[in-house]
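Q: Return a 3D structure for these sequence lines:
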Amino acid sequence: MKVTDEDVYRAVVALRRELGYSPTVCEIGERTGLHSTCAAWAHLRKLRAAKRITWVPGCPRTITVIDNLSGGFSF
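A: Numbers count the residues shown, from 1 in each chain. Reported below is the predicted structural model:
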């Protein structure tokens, strides 16, 4: 099964909801079936370029979903 950007986005949203904080790249990979953190990062970079998520570079667990309806952040 091919993992899409949308699969990764849904995993980020679900994991944030379940955990109560941002997931790690490894947790996202486990949830989506990606076997490489490089593959997960590629999807995350595309989602950030599309302004669907953001994060603080160099800081763990800072992936934040951008609420496209209001233009703000979803916590």
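
Q: so who does the residue lying closest to E27 once chain neighbours are set aside touch?
A: Leaving aside its chain neighbours, E27 sits nearest to L15 (5.9 Å; criterion: Cβ to Cβ, 6 or more residues apart in numbering). C-beta: built from backbone N, CA, C; applies to glycine. L15 is in contact with S22, P23, E27, I28, R31, counting by Cβ atoms under 8 Å, 6 or more residues apart in numbering.

Q: does the first one really touch I28, like I thought?
A: No. Proximity of S22 to I28 does not meet the contact threshold set by Cβ atoms under 8 Å, at 9.8 Å.

Q: anything in contact with each of the two?
A: Counting by Cβ under 8 Å, 6+ apart, the shared contacts of S22 and I28 are V12, L15.

Q: between those two, which one's more packed in?
A: More crowded of S22 and I28, by other Cβ atoms under 10 Å: I28, with 24 against 21.

Q: need the contact list for the closest residue to A50 other than its chain neighbours.
A: Of all residues not flanking A50 in the chain, D5 sits nearest, at 7.6 Å (Cβ to Cβ, 6+ apart). When contacts are counted by Cβ under 8 Å, 6+ apart, D5 touches H43, K46, L47, A50.

Q: how close does T62 sit to H43?
A: Applying Cβ to Cβ, to the nearest Å, the value for T62 to H43 is 17 Å.

Q: Show the pLDDT at the residue nearest to E27.
A: If you check L15, the pLDDT there is 98.

Q: Look at it and give its secondary structure.
A: helix (DSSP: H, G, I helix; E, B strand; the rest coil).

Q: before we move on, back to that, JSON lines please, covering the contacts of L15 and showing secondary structure and pLDDT.
A: Rendered in JSON lines, the data for those read as follows (DSSP: H, G, I helix; E, B strand; the rest coil; pLDDT from 0 to 100):
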{"residue": "S22", "secondary structure": "coil", "pLDDT": "97"}
{"residue": "P23", "secondary structure": "coil", "pLDDT": "98"}
{"residue": "E27", "secondary structure": "helix", "pLDDT": "98"}
{"residue": "I28", "secondary structure": "helix", "pLDDT": "98"}
{"residue": "R31", "secondary structure": "helix", "pLDDT": "98"}
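
Q: Done for today, thanks.
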